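Chemist: Make a model of this:
(chains A and B)
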Amino acid sequence: MSAPAAAPVLEARALERWYGPLPAVRGVDFALSRGEFLTVFGPNGAGKTTLLRMLCGAVRPTRGEVRVGGEPTHGAEDEGWRRRIGLLSHQTFLYPGLTAAENLDFYARLYGLRDRGTKVARSLESVGLLDRRDDRVRTFSRGMQQRLALARTLLHEPEVVLLDEPYTGLDPHAAALLNGVLEALRDGRRTVVLVTHNLSQGLELADRVAVQVGGRWVSDEPRGAVDAAGFERLYTERVAAAVGGRAA
Amino acid sequence: MRGEPGASYLAQVWAVARKDLLLEARSRERLVAMATFAVLVAVVFSFSIDPTAVRARSIAGAMIWVTVLFAGTLGLGRSFALEREADALTGLMVAPVERGALFLGKWLANVVIVGAVEAVIFPAYALFFGLAWPAGSLPALLAVVFCATAGFLALGTLFAGVAAHTRMGETLLPILLLPLLIPVVIFASSATQRLLVGRPVAEVASQLRMLAAFGLIFLFTCTALFGSVLEE
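Modeler: A predicted model of the protein is given here:
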């Protein structure tokens, strides 16, 4: 007799979100196992950010549910599931008036981390900002702020990492640095969901690829089944077909 | 992360309050704006009242609390601006923080900041209007100030959270807040007035009880409601 399969680390079941009469996300279903890296592509206004905000509990689904480690998140008595998730957005969630170390220390307190000083120093070192630990975030460049935001995201060692257009506003050098850190996330221990409209960066890291248009997933396939060279053409066709279908 | 115990409720309250106070200590933008406004109002009142026609002592209680209310509302508008600058509010919502703890942390920081402004307002009025509090009434006065401030800021922090989600937030805040604070202002003004003119402390016991009741009701209700306010 084979052992029962482990519950997916992150699951969306018939997930929907409506803002009044306008649908942002409609009927999204997926399950991700430990170590999987999913990239969700879609044009502006496809509802990718709303999907991610539902996954991390910042927005309540209108219908459907999110499960983390097999347990539904909405209405959960214990907020502990939130400690298993880290969110990196193009917004940094940092306080410009605090120093880099104070920002991380604040989040470490919220997550109830032990040995905060060591963890903050280690996180700053991992993104190359240890020597700027006592400088206020207001004095940082956009790339440095995003690296600090990445340190904030990973400070509590989440099992699920959600990335919302993390490359926005970064110059090529900063984007390459961020890419290196994201590459390190593919260690088989973390489950990652990246939403982006940047095809090359999104494809490079993914081992599963979905396309979201008008709130719906119009495609969901393993990275291996996707021909990188032809993906751009395919993506354009699928977006055009979905948008045309809605318009018809 | 597995094996980490998570922060206790009080630790979460303190983390949020500490962060807000640290930011205020660095920028002092709310303190300076509120204190300047309060002193200006006291100056205007002191020049506009004819001491031969009205005894300042008999209306000072109302003037003090109107000043506290407007100066406090001015600062409350900025309370959630800290969280909006880099969408830090989303970072707080995603973190495993009890919504009530988040509210109480913001409330506690507001109490300290408005308390510091009150420490300017009361001496300013004493200076401009030649007021003197009988020494025996000081503990009762402190109790009135604490209960009224706690109730005012409980409602204020909740409505500042509501206003933070709207485009017209800072305009909307006083419109939502001030009508609901009328009972607090009436009881606080009346109690302060009686203490100023040297009436026995026992005479303000009923006002103090009402202020304490309003403070507790507002604090419990707003702590419970804050989660719904944060949900989009």
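Chemist: Show me which residues of chain B sit near chain A.
Modeler: Applying Cβ under 8 Å from any Cβ of the partner chain, we find that chain B lies next to chain A at B:1, B:4-8, B:11-12, B:14-16, B:18-19, B:22-23, B:26-27, B:82, B:85-88, B:90-98, B:231-232. Where you see a C-beta, it was placed from the backbone N, CA and C, and this is true even at glycine.
Chemist: Among these, name the buried ones.
Modeler: B:1, B:6-7, B:12, B:14-16, B:18-19, B:22-23, B:82, B:85-88, B:90-98 (16 or more other Cβ atoms under 10 Å in any protein chain shown).
Chemist: Just the ones in strands from these, please.
Modeler: Secondary structure assignment by DSSP state E places none of these in strands.
Chemist: Tell me where the model's unsure across chain A.
Modeler: The model of chain A has pLDDT under 70 over residues A:1-6, A:76-77, A:243-248.
Chemist: need the strands for it, in chain order.
Modeler: Under DSSP E, chain A gives strands at A:10-19, A:22-32, A:37-41, A:63-68, A:71-72, A:85-88, A:160-164, A:191-196, A:208-213, A:216-222.
Chemist: packing partners for the longest one?
Modeler: Which is strand A:22-32. strand A:10-19, helix A:48-55, strand A:208-213, strand A:216-222 (3 or more Cβ pairs under 8 Å, 6 or more residues apart in numbering or on different chains; DSSP states H and E).
Chemist: so what's B:Ser189 up against?
Modeler: Contacts for B:Ser189 (Cβ atoms under 8 Å, 6 or more residues apart in numbering or on different chains) come out as B:61-62, B:64-65.
Chemist: Quick check: which element contains it?
Modeler: Per DSSP states H and E, B:Ser189 falls inside helix B:182-196.
Chemist: most neighbours per residue, which of the helices and strands packed on strand A:22-32?
Modeler: Highest mean neighbour count of the helices and strands packed on strand A:22-32: helix A:48-55, a mean of 24 (counted as mean count of other Cβ atoms under 10 Å in any protein chain shown).
Chemist: Just give me how far that one sits from the chain centre.
Modeler: Taking Cα atoms, centre = their mean, to the nearest Å, one finds helix A:48-55 lying 9 Å from the centre of the chain it belongs to.
Chemist: Show the secondary-structure elements that that helix is packed against.
Modeler: strand A:10-19, strand A:22-32, strand A:160-164, strand A:191-196.
Chemist: what's the angle from it to strand A:191-196?
Modeler: Comparing the axes of helix A:48-55 and strand A:191-196 via axes from the mean of the first three to the mean of the last three Cα atoms, to 10 degrees yields an angle of 150 degrees.
Chemist: Roughly how far does B:Lys106 sit from A:Arg208?
Modeler: Distance check for B:Lys106 against A:Arg208: by Cβ to Cβ, to the nearest Å, it reads 40 Å.
Chemist: before we move on, what about B:Ala135?
Modeler: From B:Ala135 to A:Arg208 the distance is 75 Å (Cβ to Cβ).
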